[in-house]
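Undergrad: build the 3D model from these lines:
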Amino acid sequence: EVQLVESGGGLVQAGGSLKLSCAASGFTFDRFAIGWFRQAPGKEREGVSCISSSDGSTYYTDSVKGRFTISSDKAKNTVYLQMSSLKPEDTAVYYCVADSKVILPIYEMNYRGKGTLVTVSS
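TA: Prediction:
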């Protein structure tokens, strides 16, 4: 059974940083793509970033380029999303997703975690 468990969300002031983690199990980690999408209250889902565990290629949506960095630790079967220079508009529930390949939009990838809330105060 595929499981994705997010952690690391919380409350941070604008300009601050947070690091989200996604612990994955139930599949061959280095054969999957893993990513993040977010959904703010009353807004549509937005793909944020994803990484192909096989070749390390990455994707970022324009609004987070230069501020967010996605990485993976194959030894820990974990993907991280380092978020810096956070803005109030980054406030959302962040979901980890996975699939056998990168799929755009990211939120359509097949497996999803339960999410972690990130709140950025102004």
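Undergrad: now the residue nearest to the spatial centre of the chain, nearest residue through space, not along the chain?
TA: Nearest to the mean C-alpha position of the chain, counting by CA atoms, centre = their mean, stands residue 36 at 2.6 Å. In this structure, residue 36 finds its nearest non-sequential neighbour in residue 48, 4.4 Å apart by CB to CB, 6 or more residues apart in numbering. C-beta: built from backbone N, CA, C; applies to glycine.
Undergrad: neighbours of that neighbour, just the number please.
TA: 26 (other CB atoms under 10 Å).
Undergrad: quick one: residue 9 from residue 80, how far?
TA: 13 Å (CB to CB, to the nearest Å).
Undergrad: quick one: common contacting residues for these two?
TA: Listed contacts common to residue 9 and residue 80 are residue 20; contacts here mean CB atoms under 8 Å, 6 or more residues apart in numbering.
Undergrad: may I see the buried residues of stretch 115-122?
TA: 115, 116, 118, 120 (16 or more other CB atoms under 10 Å).
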